[in-house]
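Student: would you be able to build a 3D model of this:
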Amino acid sequence: MKAWVVVAVAVGAGLLGVGASLLTRGPGPLLRTETGQRLAQDAMRAAAPAAPEGVATARRGAPVPAFSVAGLDGAPVAVPGDLGGRPLLVNLWASWCAPCIEEMPELDRYAREQGAGGTQVLGIALDDAEAVRAFLERVPVGYPLALDAAGPADAGVRLGNPRGVLPYSVLISADGRLLKARIGPFAAGEIDAWARSP
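Tutor: Here you go, the predicted model:
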């Protein structure tokens with residue numbers, strides 16, 4: 001048998017295995033890898049409509065285009081400007097999003113453990129202020145929260161999430177560059193390794 005036939009059969013078997021895994025267990029295991037995240041994000045961007053004219057979107061390795069959202073108290077928060085000088089993990093969520101709610105204790109744990117010099121955490125709710133306040137009465141968190149209206153130019157789109165998938169997180173360097181992005185929730189203990197790895 002020729003070598004290329006053996007390679008073709010092996011590749012085909014591998015693809016069938018990946019397909020069977022996705023059918024039986026869903027995309028979760030694949031999305032837990034950096035390669036899977038990059039593939040999902042590339043596919044999402046390719047299938048998404050272009051951002052509205054004048055709306056700059058973040059790209060891995062490039063500076064994050066500045067934008068503002070409203071803090072929960074109504075004061076404007078410039079991203080990444082007001083939070084520069086330290087790494088920043090931005091998490092897009094909503095009070096009606098079950099996976100978002102599941103990961104909030106993990107985000108809160110991570111934020112508390114960072115201290116004054118570590119990575120900052122900012123949650124941006126694509127939600128109604130009243131719904132967010134009611135939610136926080138039941139599930140309080142210690143990291144800062146902001147609000148934005150979901151739409152074609154929301155904070156998620158600006159941070160590289162044109163399809164509005166929630167939860168969605170990005171890691172921004174101390175000098176304002178997008179280091180990495182993640183679709184889906186963090187499991188317990190998962191943020192630490194994600195934030196450290198390139």
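Student: which residues of this structure fall in strands?
Tutor: 67-71, 76-79, 88-93, 120-126, 145-148, 168-172, 178-183 (DSSP state E).
Student: between those strands, which gets nearest to Gly156?
Tutor: Proximity to Gly156, assessed across these by CB to CB, is greatest for strand 88-93 (4.5 Å). For glycine as for every other residue, the C-beta is placed from the backbone atoms N, C-alpha and C.
Student: in this structure, where is pLDDT below threshold?
Tutor: Along the chain, segments meeting pLDDT under 70 span 1, 3-52, 198.
Student: hmm, back to that, export the strands of the chain as TSV, with columns for mean neighbour count and distance to Gly61.
Tutor: Formatted as TSV, those follow (neighbours: other CB atoms under 10 Å; distance: least, CB to CB, whole Å):
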stretch	mean neighbour count	distance to Gly61
strand 67-71	17	19
strand 76-79	18	18
strand 88-93	25	16
strand 120-126	24	20
strand 145-148	21	24
strand 168-172	24	11
strand 178-183	20	7
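Student: how about the ones you listed in CSV, adding distance to Tyr110?
Tutor: As requested, the strands of the chain are exported to CSV (distance: least, CB to CB, whole Å):
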stretch, distance to Tyr110
strand 67-71, 20
strand 76-79, 18
strand 88-93, 7
strand 120-126, 6
strand 145-148, 15
strand 168-172, 11
strand 178-183, 13
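Student: among the ones you listed, which is nearest Cys100?
Tutor: strand 88-93 (3.7 Å).
Student: helices or strands up against that closest one?
Tutor: Applying 3 or more CB pairs under 8 Å, 6 or more residues apart in numbering; DSSP states H and E, one finds that strand 88-93 contacts helix 98-114, strand 120-126, helix 155-158, strand 168-172.
Student: give me the sheet partners of the last one and which way each runs.
Tutor: As defined by DSSP bridges, the strand partners of strand 168-172 come to strand 88-93 (antiparallel), strand 178-183 (antiparallel).
Student: point to the residue nearest the middle of the protein.
Tutor: Geometric centre of the chain, nearest residue: Ser169, 1.9 Å, by CA atoms, centre = their mean.
Student: touching, that one and Trp93? I think so.
Tutor: No: with contact defined as CB atoms under 8 Å, Ser169 does not count as touching Trp93 (9.0 Å).
Student: from Leu107, how far off is the residue nearest to the centre of the chain?
Tutor: 8 Å (CB to CB, to the nearest Å).
Student: list the residues that contact both of the two?
Tutor: Common neighbours of Ser169 and Leu107, using CB atoms under 8 Å, 6 or more residues apart in numbering, are Leu89, Asn91, Phe186.
Student: among the residues you listed, which one sits closest to Asp128?
Tutor: Asn91 (17.8 Å).
Student: specify the beta-bridge partners of the closest one.
Tutor: With DSSP bridges as the rule, Asn91 is bridged to Gly123, Ser169.
Student: so what's it up against?
Tutor: Asn91 neighbours (CB under 8 Å, 6+ apart): Glu103, Leu107, Val121, Leu122, Gly123, Ile124, Pro167, Tyr168, Ser169.
Student: residues near the closest residue to Gly151 other than its chain neighbours, how many?
Tutor: Leaving aside its sequence neighbours, Gly151 sits nearest to Val157 (CB to CB, 6 or more residues apart in numbering; 7.9 Å). By other CB atoms under 10 Å, the residues close to Val157 number 24.
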